[in-house]
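>>> Here is the input, now give the coordinates:
(2 chains)
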Amino acid sequence: MNWLNWLSDFFTAPDHRSGPDSILHRVSEHLLLSGEALLYAALLAVPLGLLIGYTGRGVTVVTAFAGAARALPTLGLVTLAVLLAGVGDTAVLVPLVALAAPPLLVAAVEGVRGTDPDVRDAARGIGLTHPQVLRQVCLPSAAPTLLAGFRTATVQVIATATVAAYVGLGGLGRYVIDGLATRKYAVTVGGALLVVLLAVAAQLFFALLARFALPPGMRAQRRAR
Amino acid sequence: MIRFEGAGKRHPDGTVAVEGLDLEVPTGRITVLVGPSGCGKTTLLRMVNRMVEPTSGRVLLDGTDVAKLEPAKLRRGIGYVIQQAGLFPHRKVIDNIATVPYLLGWDRKKARARAAELLELVGLAPETAKRYPFQLSGGQQQRVGVARALAADPPVLLMDEPFSAVDPVVRAGLQEELLRLQSELHKTVLFVTHDIEEAVRLGDQVVVLREHGRIAQLADPHTLLTTPADDGVAAFLGRDRGLRGLGLRPARAVELRPVSDGLTYGGWELALDDERRPIGWIDRDAVTAELHAAAGFRPDTDTLRTALDAAVLSASGVAVALDADGRATGTASREAVLAALRPEADRTGGAADSDVADSGEADSADEPDRASQADGADGG
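Next comes the predicted model:
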């Protein structure tokens, strides 16, 4: 069982237990980078998506754009960003945001559009202003969809944040790329495994969030569907 | 009072929803807009709270053109109930009801206390407060919808087919409840329905609409049923107009024969138990003392329709008048029940106000009576 030895080698190597190349450090680098990308993507896509979903204007454009954005090659974007902005966080953040924004945008649009039209009508009819309808009615109603969007985006970003190493930055991609470069395949496999574990953990986190943090009325509705 | 002055709605594509309507919706009364789908009734209702802006004419609320008022503020002062209730799924019932008080800036405690009052007013159990809308039946949701509309005690209530989505039994209960509420609250209600039965049951005044919001007839329910303006309205009213009209007239107009005059009617004798409750009719010519059905009505709360029904169902052709405890207080034959239909009988029964032909006065005499009818049914 060769790969088991590889793994134990990977996890027990002194470099990987402390210092800049330690697993803990690389994981935290990876998570920080992913978190940053998700934050920017959310700040960009969610308000825009809520607005588009609420007004119903530009929905077709958003759908087409989001579909097209999925076809963008991340590695190509990284290269482009490096050429334009030089090596640095920006070079990695741009493609990661570009990756995370479309699912968030679509989730926000669809979530708001999924609000029961009768509920929206009643909300307007009893005197909520447009911003109040959006915040008090459409946002809670969009929460389950939005959360699903965040889950997709997070998993994709965590998986793809390995490209940071490609332009000389940290994160778990370091193990993958360095491992390949130095033919230490145990390191590559170990790094890849950690990425998988992180992605699975993120999935779990969002599943729990959907289970416990959503407004109860919304949770039950989802179950009933 | 709500006043429509040539209020019309033409859609941007040129189709006309409402041509231009003049109508007064009197304060403290229920006005029902009824008509087939596409007659513009919902459009008209939504003009009042500016959910629809008229393209011609105007709508006045207590003399003020609603177009001059800020929509959100205007709407907070008008109760609004729609067909599917439109409750907020993520909020508990109590917070759904308290929505408008919250918007008006009431503190949480006061708003919730008010919401709890309303929960009781619309006949829901206190423990309903903590539920979510999806945990309620359709009828319960609609009650919450009504409670939410009444939370800030608006003088005007707009109801857009509020009871159309529930089954007939629940609907009848909700209608009774609305009449009971109205007898306490005296709101200015504009009610939209496609169900003529509902219209004549609830309305103090019924507006029958044709396509493009043209008024086919405006009348109190009794006049509508007895004298439809034309064949179109008659067809819309449907069959058994006369009989249904009986359902609008109080049974107390029936002149009763006191029980003290004896319990025999022709060949029939009414058998009573120790509490003077009727047991049945006995055919005095029959060999065996077999009991035949004896149907009764309550003169204080029932309508002529129930009284006639009781007379028809009784083997002897005589209906028994009952008090609240089911004790016989008198009898009325079919002839006696029908005699109450003569205009002068109405007066001796004290149901309608002397010779005031004007619908306004006649309506007010009608109102407390129908309210007590709802009370009676509620208790039973």
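
>>> Does the helix or strand hosting A:Tyr40 pack against any helices or strands, and if so which?
For A:Tyr40, the host element (DSSP states H and E) is helix A:23-55. Here helix A:23-55 touches helix A:59-69, helix A:89-113, helix A:139-160, helix A:173-181, helix A:185-212, going by 3 or more Cβ pairs under 8 Å, 6 or more residues apart in numbering or on different chains; DSSP states H and E. Any C-beta I mention is one placed from the backbone N, CA and C, and that applies to glycine too.

>>> Now with 10 Å, please.
Packing partners of helix A:23-55 (3 or more Cβ pairs under 10 Å, 6 or more residues apart in numbering or on different chains; DSSP states H and E): helix A:59-69, helix A:89-113, helix A:130-133, helix A:139-160, helix A:173-181, helix A:185-212.

>>> Tell me where the stretch 151-300 of chain B has helices.
For the stretch 151-300 of chain B, applying DSSP state H, counting those that start in this stretch gives helices covering B:168-185, B:196-202, B:221-226, B:231-237, B:241-246.

>>> Lowest mean pLDDT across the ones you listed, which one is that?
Among the helices of the stretch 151-300 of chain B, helix B:241-246 carries the lowest mean pLDDT, a mean of 85.

>>> Please compute how far that helix lies from its chain's middle.
Distance, stretch centre to chain centre, for helix B:241-246: 16 Å (Cα atoms, centre = their mean, to the nearest Å).

>>> One more: stretch A:107-124?
Worked out by Cα atoms, centre = their mean, stretch A:107-124 lies 25 Å from the chain centre.

>>> any idea of the pLDDT on residue 157?
All of this is about chain A. pLDDT for A:Val157: 94.

>>> wait, chain B
96.

>>> show me what contacts it?
Taking Cβ atoms under 10 Å, 6 or more residues apart in numbering or on different chains as the contact definition, B:Leu157 lies against B:30, B:78-81, B:146, B:149-150, B:178, B:181-182, B:185, B:187-191.

>>> Would you tell me which residues of chain A are close to chain B?
A:115-130, A:132-133, A:136-137, A:139-141, A:143, A:214-221, A:223-224 (Cβ under 10 Å from any Cβ of the partner chain).

>>> and with 8 Å instead?
Applying Cβ under 8 Å from any Cβ of the partner chain, one finds that chain A approaches chain B through A:116, A:118-129, A:132, A:136-137, A:140-141, A:143, A:215-218, A:220-221, A:224.

>>> Would you mind giving me the ChimeraX syntax to select the buried ones in the contacts of B:Leu157?
Entered in ChimeraX, the line below selects the buried ones among these, by 16 or more other Cβ atoms under 10 Å in any protein chain shown:
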select /B:30,78,79,80,81,146,149,150,178,181,182,187,188,189,190,191
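
>>> and the contacts of B:Leu157, which of them are in strands?
If you go by DSSP state E, the contacts of B:Leu157 have B:Ile30, B:Ile78, B:Gly79, B:Tyr80, B:Val81, B:Thr188, B:Val189, B:Leu190, B:Phe191 in strands.

>>> The second one pairs with what?
Here B:Ile78 sits in beta bridges with B:Val156, going by DSSP bridges.

>>> Same question for the first one.
B:Ile30 forms beta bridges with B:Val189, as assigned by DSSP bridges.

>>> and it, how far is that from A:Leu4?
Going from B:Ile30 to A:Leu4 by Cβ to Cβ, to the nearest Å gives 81 Å.

>>> same check, this time on the last one
From B:Phe191 over to A:Leu4 the distance is 76 Å, taken as Cβ to Cβ.

>>> Ok, the third one next?
When Cβ to Cβ is the yardstick, B:Gly79 and A:Leu4 sit 71 Å from each other.

>>> Check the fourth one too.
Here B:Tyr80 is placed at a distance of 68 Å from A:Leu4 (Cβ to Cβ).

>>> what's the helix or strand for B:Pro101?
Using DSSP H and E, B:Pro101 falls in helix B:99-103.

>>> Distance from that helix to the middle of the chain?
On Cα atoms, centre = their mean, the centre of helix B:99-103 falls 28 Å from the chain's centre.

>>> Could you check it against chain A for contacts?
Yes: legend: contact between helix B:99-103 and chain A by Cβ under 8 Å from any Cβ is shown at B:Thr99, B:Val100, B:Leu103.

>>> so what's the second one closest to, chain neighbours aside?
Of all residues not flanking B:Val100 in the chain, B:Ala152 sits nearest, at 4.4 Å (Cβ to Cβ, 6 or more residues apart in numbering or on different chains).

>>> burial measure for the one you found, as a count.
Neighbours of B:Ala152 under the rule other Cβ atoms under 10 Å in any protein chain shown: 22.

>>> from what I can see it touches B:Leu104, true?
Yes: under the criterion of Cβ atoms under 8 Å, B:Ala152 makes contact with B:Leu104 at 6.0 Å.

>>> any common contacting residues for those two?
Here B:Ala152 and B:Leu104 have B:Arg76 as joint contacts, going by Cβ atoms under 8 Å, 6 or more residues apart in numbering or on different chains.

>>> need the contact list for whichever residue of the stretch 51-200 of chain B sits closest to chain A.
In the stretch 51-200 of chain B, the residue that lies nearest chain A is B:Gly86 (2.7 Å; Cβ to the nearest Cβ). Going by Cβ under 8 Å, 6+ apart, B:Gly86 touches A:Asp116, A:Asp118, A:Val119, A:Arg120, A:Asp121, A:Ala122, A:Ala123, A:Gly125, B:Gly145.

>>> Tell me the one of these nearest B:Met47?
A:Gly125 (12.4 Å; Cβ to Cβ).

>>> so who does the closest one touch?
Applying Cβ under 8 Å, 6+ apart, the residues near A:Gly125 are B:Asn49, B:Met51, B:Arg75, B:Tyr80, B:Ile82, B:Gly86, B:Leu158.

>>> who wins for neighbours among the residues you listed?
B:Tyr80 (30 neighbours).

>>> separation between that one and B:Val189?
In terms of Cβ to Cβ, B:Tyr80 sits 12 Å off from B:Val189.

>>> In space, what's closest to the residue positioned nearest the centre of chain B - neighbours in sequence excluded?
Taking Cα atoms, centre = their mean, the centroid of chain B lies closest to B:Leu202, which sits 2.3 Å from it. Distances taken as Cβ to Cβ, 6+ apart place B:Ile30 nearest to B:Leu202, at 5.5 Å, with adjacent residues excluded.

>>> Show the backbone phi and psi for A:Ser22.
Here is the backbone geometry of A:Ser22 (degrees, to the nearest 10): phi -70, psi 150.

>>> The nearest residue to it once chain neighbours are set aside: neighbour count?
In space, and not counting its chain neighbours, A:Ser22 is closest to A:His16: 5.8 Å by Cβ to Cβ, 6+ apart. A:His16 is flanked by 20 other residues according to other Cβ under 10 Å.
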